[in-house]
Each structure stands twice: as C-alpha cells, then as structure tokens.
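Colleague: Sequence first, then the predicted structure:
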Amino acid sequence: MTIAVIGTGFIGGTVGRAFARAGHATIFGSRRPAEDTVAADSGAGTAGIADAIGQADTILLALPAAAVEELLRDHGDALAGKLVIDAANNVGKPVAHHAELVTRYAPGARYARAFNTLGGENFADPNYDGTPADLFYSAPAGDRALLDELITAVGLRPMYLGDNQQDTVDGVLRLWFALAVGQGHGRNLAFHTMTR
Ligand SMILES: NC(=O)c1ccc[n+]([C@@H]2O[C@H](COP(=O)([O-])OP(=O)(O)OC[C@H]3O[C@@H](n4cnc5c(N)ncnc54)[C@H](OP(=O)(O)O)[C@@H]3O)[C@@H](O)[C@H]2O)c1
C-alpha cells in the first residue's frame, strides 16, 4: 500500500509524516516538489501531484475544499480503483458533495471521509493525559482495516461510523467547532467515546 498525500501544509504534513514514520509508504503530492521540505526526516517522498497519485493506491486530500473539484477533474482517470480519503473542509459549509464529485469525476474510486473532524493540533499531539482522542470516520467496509491502521499511525483511536456516513462525520466537525470556537474551549479539544 502506498499513500499519496495531496496538500503539503499543516494537515497534510502532520498526518503524512506520521504515516511515513509508522512505516507506511508515503509520497507527498506537491505543486512545487523541488523545493517542498514537507517530508523532513520522515522517510516520505515528495513528487508532483500527478506523479504522486500515479504511484499510490490510497490518496489523502489535504488541500483546501475549494481546490477539490479541480483536483478530481484533472486526475479522475488516474484515481480509478483507488481509495480517496477526504480531509478537506469548507468551514461553515457542507462538503458532503465531495463524495458526489468523486462519483462524477472518478467513478472507479472509493470514498472515505476522515482526518477532518478535529483541529490539526490533535493530529500533532493526539494524547490527553495519556488517552488518545477518537477520530470518527466513514469508509467502505472493505477499507475499514486500512483506515484503522492509518488513524492509529497518527496516534488517534479510530471510530468507524460505517460506509457513506460523511454527513455524520461532518456532524462531529460541527460539534467540534461549536465547542472549540463557538464556546471558546480552544483548539486543543477532542472527543473520547465511552462504552460499557
Ligand atoms: N487546519 C486544521 O486544523 C484542519 C483540520 C482538519 C481538516 N482541515 C482541512 O485540511 C485541508 C488543508 O488544511 P491545512 O490547514 O493543512 O491548510 P494549509 O496549511 O494552508 O495547506 C494547504 C495545502 O494545500 C495546497 N493547495 C492549495 N491549493 C491547491 C491546489 N489548487 N492544488 C493542489 N494543492 C493545493 C497548498 O499548496 P501550496 O503550498 O502550493 O499553496 C498547501 O500545501 C483544508 O481543506 C482544511 O479545511 C484543516
């Protein structure tokens, strides 16, 4: 399994380096690969976006939501048979239509919604007094084991919500914003599910 991380900013960099450090073959897809230092000493590679997608079977979208449609349109054919993990948010607006965009431009691809419900500080440091925060996600059942591995690689606890549950995942995102920003609790805020 090779994962391409498209978008080499705060989220792509933090999550992609964690994948690589956990031993997953990771390649960053950058608009300026020659000067992009995002991989640092993680062991990940860096390439142009088309090259990175071509080398990977799993693609993490970590670029602005406004850039997602163009990315899918330009690279839809190359995404056939691959898993697209969508971390892109458009704060204040629903982005569940990204699943529809994947269906339109990359009908052969599978869609997962993950790495979007928490402020990136929680990807950089997922522990609260030694307890990992939960990351709620949606994916096809056949991709659950892979998502669990990737989420665990970042140090978070995976919480699977089922297939095609991106609206529910985005509800968690709205809850996070309501508490972290709306109620002023700050960005170092995460969730932990209790069961008995
Ligand atoms: N920040 C958070 O706490 C957080 C948490 C969860 C999810 N998210 C979501 O994750 C995504 C990335 O957020 P971020 O905080 O990492 O942003 P960021 O630090 O600004 O990084 C954005 C990255 O996207 C790239 N990019 C922008 N437009 C592009 C395009 N048209 N084609 C290809 N690459 C493009 C940028 O490349 P250049 O360097 O070439 O401009 C940059 O590497 C956003 O959708 C955001 O809503 C953010």
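Modeller: Arrived safely.
Colleague: From here on, just use CA atoms for contacts and neighbour counts.
Modeller: OK.
Colleague: residues from this structure in reach of the ligand?
Modeller: By CA under 6 Å from any ligand atom, the part of the chain that sits against the ligand consists of 7-12, 31, 62-65, 67, 87-90, 115-120.
Colleague: can you do 5 Å?
Modeller: 7-11, 31, 62-65, 67, 88-89, 116, 119-120 (CA under 5 Å from any ligand atom).
Colleague: Buried only: go through those residues for me.
Modeller: 7, 8, 10, 11, 62, 63, 65, 88, 89, 116, 119, 120 (16 or more other CA atoms under 10 Å).
Colleague: possible to save these as a markdown table with distance to residue 127 and pLDDT?
Modeller: Conversion of these to a markdown table gives the following (distance: CA to CA, whole Å; pLDDT from 0 to 100):
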| residue | distance to residue 127 | pLDDT |
| --- | --- | --- |
| 7 | 25 | 98 |
| 8 | 23 | 98 |
| 10 | 18 | 98 |
| 11 | 17 | 98 |
| 62 | 22 | 98 |
| 63 | 25 | 97 |
| 65 | 27 | 94 |
| 88 | 23 | 97 |
| 89 | 23 | 94 |
| 116 | 17 | 97 |
| 119 | 13 | 97 |
| 120 | 13 | 97 |
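Colleague: Residue 172: which of these is nearest?
Modeller: When these are compared for distance to residue 172 (CA to CA), residue 116 comes out closest, at 9.2 Å.
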